[in-house]
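Q: next come a sequence and a model predicted from it.
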Amino acid sequence: MEATVSTTKKQSNFVPMAIVATLFFILGFATWLNGSLMPYLQQILKLTPFQASLILFSFYIAVTFTAVPSALVIKKIGYKNGMALGMATMMVAGFLYIPAAKTQVFALFLFAQLVMGIGQTLLQTAVNPYVVRIGPEESAAARVSIMGILNKGAGVFAPMVFTALIISNFTGLVGKELSQDDIDAMANSLVWPYIGMALFIGALALAVKYSPLPELVDDEEQAGGKGQVKAALAHPNLALGVMALFLYVAVEVIAGDTIGSYALALGVENYGVMTSYTMVCMVAGYILGIILIPRVISQQAALSGSAVLGFALVIGITTVSRDSTVLAQALLVPFGGPALPDTVLMLALCGLANAVVWPAIWPLALSGLGKLTSVGSGLLVMGIAGGAFGPVFLSLATGSTISAEGQQNAYWVMLPSYVFFLFYALKGHKMTSWK
């Protein structure tokens, strides 16, 4: 489905771009808040590794069953109204965390996470076309990169805010047996921050609803029936690309959202900001990608390099002593940073290895699809479901109880993903038939 901006006169794109940029930041903020929320709830609710993984599963699984309905809703009410509705849903989710915190019922937290994921899916489905269509086609790639940096940049900011408002008051409780009073205090500390976030998102929803954001008009209707899906998947580069994106989102979420839980198991008091380290590495990777691709290296070469780097880092994470701080002594301590364990920093550096995977796979997967491009894009978006399953696989490899040793050893589950990325970069994207 092709979409263009409906307007009767030429007007500046500054205001629409500013609105879209704000929405991408909000999306990133709400998404990467999970990296701090997950270990915090582990402390409060005394969750097993599998239960903790459900916090991420319930959030990311929403895209699996709401992506298509979201597209249908937006087709009916329009893109701008779709953005407002998506944020209104996120606002409702924010308020759902209040009874969850007050009652300390795990199922309510999972439901709040699910509703937040549904709102995000609706907002993503509505806002993404604007990135391409709000300006000249020749500069679309630059806009996509800028929005990606904003999204990951919010991932740097969100854990810092969560830590400053909530975790910083309870750092002395890390590694200790919590009393019921401690648990109640930690749970209640979630209330006002989530009320504030919900009200802010609600106000932004109203602002978007009545903003001068131009509506997108669908120029062409394309049926996404079973015939087209089957025809699209007959292209090996697309089918393998969908699998690659599934595995990519799995390792992206593992590196970004489980690093806090691993740091907590190691006794790191500022575990709440660990996701920020991963996001800083991802932003650095985005910037390097913008500078180097394709001027210095090709997309395929960048993907190959990312795969090799990721594989090496995972080997390091699973084999280096948990007490070693050599990397931190070289990279952080001289600048006043903490002496974090090397295995934690290596997990953060996976963000650098992951950064160019998403933008590299998309064009390779869609190459040669022609009229099936929009169907192929929809199938690639479904790969986001990998974020639901990656942490679950990690939890199953960890075992029934949370321990630093079990979590460290479990990170081997990331290795097959990086092997697949290398295969896709070297051969998979070139395949023109299954024979």
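A: Received, thanks.
Q: where does pLDDT dip in the stretch 51-200 of the chain?
A: Within the stretch 51-200 of the chain, the ranges that satisfy pLDDT under 70 run 132-133, 135-142.
Q: do the same with the stretch 201-350 of the chain
A: Flagging of the stretch 201-350 of the chain using pLDDT under 70 yields the residue ranges 216-226.
Q: switch the cut-off to 90
A: 208, 210-233, 269-270, 286-300, 331, 335-337 (pLDDT under 90).
Q: where along it do the helices fall?
A: Ranges of helices in the stretch 201-350 of the chain, per DSSP state H, counting those that start in this stretch, are 226-233, 236-257, 259-265, 274-292, 299-319, 326-331, 342-354.
Q: need the winner for burial among the ones you listed.
A: Sort these by mean neighbour count, taking mean count of other Cβ atoms under 10 Å, and helix 259-265 sits at the top with a mean of 27. Every residue, glycine included, has its C-beta placed from N, CA and C.
Q: which one of the helices of the stretch 201-350 of the chain lies closest to residue 64?
A: Of all these, it is helix 236-257 that lies closest to residue 64, at 10.7 Å by Cβ to Cβ.
Q: hey, what's the angle from that closest one to helix 226-233? Just curious.
A: 80 degrees (axes from the mean of the first three to the mean of the last three Cα atoms, to 10 degrees).
Q: how far off centre is helix 236-257?
A: Per Cα atoms, centre = their mean, to the nearest Å, the displacement of helix 236-257 from the mean C-alpha position of its chain is 11 Å.
Q: likewise for stretch 351-369?
A: With Cα atoms, centre = their mean, you get 15 Å for stretch 351-369.
Q: show me where the stretch 1-150 of the chain has helices.
A: Using DSSP H, counting those that start in this stretch, helices in the stretch 1-150 of the chain cover 14-32, 34-45, 49-60, 62-77, 79-103, 106-133, 140-165.
Q: format those as CSV; extra columns: mean neighbour count.
A: Below are the helices of the stretch 1-150 of the chain laid out as CSV (neighbours: other Cβ atoms under 10 Å):
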stretch, mean neighbour count
helix 14-32, 20
helix 34-45, 25
helix 49-60, 24
helix 62-77, 17
helix 79-103, 21
helix 106-133, 22
helix 140-165, 20
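Q: now tabulate the ones you listed in a markdown table and tack on distance to residue 213.
A: As requested, these are arranged in a markdown table below (distance: least, Cβ to Cβ, whole Å):
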| stretch | distance to residue 213 |
| --- | --- |
| helix 14-32 | 5 |
| helix 34-45 | 28 |
| helix 49-60 | 27 |
| helix 62-77 | 14 |
| helix 79-103 | 5 |
| helix 106-133 | 8 |
| helix 140-165 | 15 |
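Q: nearest to residue 417, of these?
A: helix 49-60 (15.5 Å).
Q: what is that closest one packed up against?
A: When contacts are defined as 3 or more Cβ pairs under 8 Å, 6 or more residues apart in numbering; DSSP states H and E, helix 49-60 sits against helix 34-45, helix 106-133, helix 236-257, helix 386-398.
Q: make a markdown table from those helices and add distance to residue 97 to it.
A: Shown next, in a markdown table, are those (distance: least, Cβ to Cβ, whole Å):
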| stretch | distance to residue 97 |
| --- | --- |
| helix 34-45 | 9 |
| helix 106-133 | 5 |
| helix 236-257 | 17 |
| helix 386-398 | 19 |
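Q: how close does residue 243 sit to residue 154?
A: For residue 243, the distance to residue 154 equals 28 Å [Cβ to Cβ, to the nearest Å].
Q: actually residue 118, not the one I typed
A: To residue 154, residue 118 is 19 Å away according to Cβ to Cβ.
Q: which parts of stretch 169-176 are buried?
A: The neighbour-count check on stretch 169-176 (16 or more other Cβ atoms under 10 Å) flags 170, 173-174 as buried.
Q: re the thing from before, among the helices of the stretch 1-150 of the chain, which is nearest residue 330?
A: Nearest of those (Cβ to Cβ): helix 140-165, 21.4 Å.
Q: ok and the closest one relative to helix 106-133, angle-wise?
A: On the basis of the same axes, to 10 degrees, helix 140-165 is oriented at 150 degrees to helix 106-133.
Q: compute the inter-axis angle for helix 140-165 and helix 34-45.
A: Calculated by the same axes, to 10 degrees, helix 140-165 forms an angle of 30 degrees with helix 34-45.
Q: what's helix 140-165 packed up against?
A: Against helix 140-165 (3+ Cβ pairs under 8 Å, 6+ apart) you get helix 14-32, helix 34-45, helix 106-133, helix 274-292, helix 357-366.
Q: give me the mean pLDDT for the shortest one.
A: So that's helix 357-366. In this model, helix 357-366 carries a mean pLDDT of 85.
Q: any chance of CSV for the helices of the stretch 201-350 of the chain, columns distance to residue 63?
A: Formatted as CSV, the helices of the stretch 201-350 of the chain follow (distance: least, Cβ to Cβ, whole Å):
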stretch, distance to residue 63
helix 226-233, 17
helix 236-257, 9
helix 259-265, 22
helix 274-292, 20
helix 299-319, 23
helix 326-331, 34
helix 342-354, 18
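Q: format the helices and strands packed on helix 140-165 as CSV; extra columns: distance to residue 55.
A: As requested, these are exported to CSV (distance: least, Cβ to Cβ, whole Å):
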stretch, distance to residue 55
helix 14-32, 13
helix 34-45, 5
helix 106-133, 6
helix 274-292, 13
helix 357-366, 23
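Q: which stretch among those helices comes nearest residue 384?
A: It's helix 106-133; of the helices and strands packed on helix 140-165, that one is closest to residue 384 (Cβ to Cβ) at 8.5 Å.
Q: ok now the closest one, how far from the chain's centre?
A: That offset, for helix 106-133, works out to 11 Å (Cα atoms, centre = their mean).
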